[in-house]
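Trainee: compute the structure for the input listed below.
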Amino acid sequence: MPVILGGNTGIYLASLTPAVDPDAQAFITAAAITDPTQQSAINQLVVDLKGYSIWSKMKAVYPFVGGTASSHSYNLVNTAQYQITWNGGITHSSTGVLPNGTNGYGQTGFSFNSTTALSSHISTYIRTNSTALACEIGSGNGTTGDDECRIVRNGAAWSNNQCDAVGGRLSPSAANSTGLILNSRRANNDWETYQNGISLATKTTTNSYTGGSNYTIALFARNSVGIYDIYSNKQCAFASIGDGLTDTDAANFYTAVQTFQTALGRQV
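Mentor: Sure, this is the predicted structure:
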């Protein structure tokens, strides 16, 4: 409401309500987010990603906020693009999206081509610690290993590759599977896997394969030539697809995402 200054001076000021970023507002409207805490968290996430000059590198961001299949399906970057289609056993709640590990997955509709693959990333924020073999996000051609773009947990290690052949695969050990896992490809001889903004492994040898993933990226399973497999049972609270991220980007990206998760009380 208006604020009166100086008693009866008659001078009025409009209420100093902080402006909401228009991209954040577009998502809030499309996803029907009515909770003020969630609205504020979404706005801060967008502001932070723009402040770190990361927003322009994002093709799709799925914040999984709102607690419903509908609200969890929208792409924060552009609500009219890459909306997730949910399939099989999926549970939606305020803490994220939980697949059943047998047939539950989300289809993003996004695929990298031979141009965008040379600078590309995928990420997922995992809230479940598990050593079970599972693909958290990915696609692949199912034969030679070329065209793989995936984040897979296999026992005590990650088995990750980013739009490349088997030779580009990184398999770093990690104490647990929780937090923000990021695959980044910045060039055909520059791959890196991060967990919570910290590098786990790098690869600098030139890979002969320069194409992109021919198949659209799925969440909680691998889309292998249109056949879904390696289903996950880990709860996810965020995912993204976009251009390659630098070391600095990766650290800042984690800071922004962790701030978002903390505001919602679901950080790990």
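Trainee: could you use CA atoms for every contact and neighbour count after this?
Mentor: OK.
Trainee: pull the contacting residues for Leu98.
Mentor: By C-alpha atoms under 8 Å, 6 or more residues apart in numbering, the contact list for Leu98 reads 90-92, 233-236.
Trainee: 6 Å instead, please
Mentor: 90-91, 235 (C-alpha atoms under 6 Å, 6 or more residues apart in numbering).
Trainee: quick check: phi and psi at the closest residue to it other than its chain neighbours.
Mentor: Among residues not flanking Leu98 along the chain, Gln235 sits closest, at 4.3 Å (C-alpha to C-alpha, 6 or more residues apart in numbering). The phi and psi values for Gln235, taken as degrees, to the nearest 10, are phi -70, psi 140.
Trainee: am I right that Ile241 is in a helix?
Mentor: No. Counting by DSSP: H, G, I helix; E, B strand; the rest coil, Ile241 is not part of a helix but strand.
Trainee: what helix or strand is the closest residue to it other than its chain neighbours on?
Mentor: Distances taken as C-alpha to C-alpha, 6+ apart put Ile122 closest to Ile241, at 4.6 Å, once the chain neighbours are dropped. Following DSSP states H and E, one finds Ile122 within strand 120-126.
Trainee: just checking: what are the partner strands of that strand?
Mentor: strand 179-187 (antiparallel), strand 236-242 (antiparallel) (DSSP bridges).
Trainee: now render the ones you listed as TSV, adding distance to Gly104, mean pLDDT and mean neighbour count.
Mentor: Below are the strands paired with strand 120-126 laid out as TSV (distance: least, C-alpha to C-alpha, whole Å; pLDDT from 0 to 100; neighbours: other C-alpha atoms under 10 Å):
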stretch	distance to Gly104	mean pLDDT	mean neighbour count
strand 179-187	20	94	24
strand 236-242	13	97	24
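Trainee: re the thing from before, nearest to Cys163 among the contacts of Leu98?
Mentor: Distance to Cys163 across those (C-alpha to C-alpha) is lowest for Gln235, with 24.3 Å.
Trainee: coming back round to it: what about the residue nearest to Leu98, distance to Gly242?
Mentor: Counting by C-alpha to C-alpha, to the nearest Å, the gap from Gln235 to Gly242 is 22 Å.
Trainee: where does the prediction get shaky in the stretch 151-268 of the chain?
Mentor: Across the stretch 151-268 of the chain, the ranges flagged by pLDDT under 70 are 165-168, 208-213.
Trainee: let's go with 90 and repeat that
Mentor: Within the stretch 151-268 of the chain, the ranges that satisfy pLDDT under 90 run 156, 158-171, 175, 187-189, 191, 203-215, 224-226.
Trainee: could you find the closest non-adjacent residue to Arg185?
Mentor: Trp191 (4.5 Å).
Trainee: touching, the one you found and Leu182? I think so.
Mentor: No. Under the criterion of C-alpha atoms under 6 Å, Trp191 lies out of contact with Leu182, with a separation of 10.7 Å.
Trainee: so for stretch 182-201, what gets flagged as buried?
Mentor: 182-188, 190-197, 199-201 (16 or more other C-alpha atoms under 10 Å).
Trainee: mind checking the SS state of the closest residue in space to Gln81 that isn't next to it in sequence?
Mentor: Nearest residue to Gln81, sequence neighbours excluded (C-alpha to C-alpha, 6+ apart): Asn75, at 6.7 Å. Three-state assignment for Asn75 (three-state DSSP): coil.
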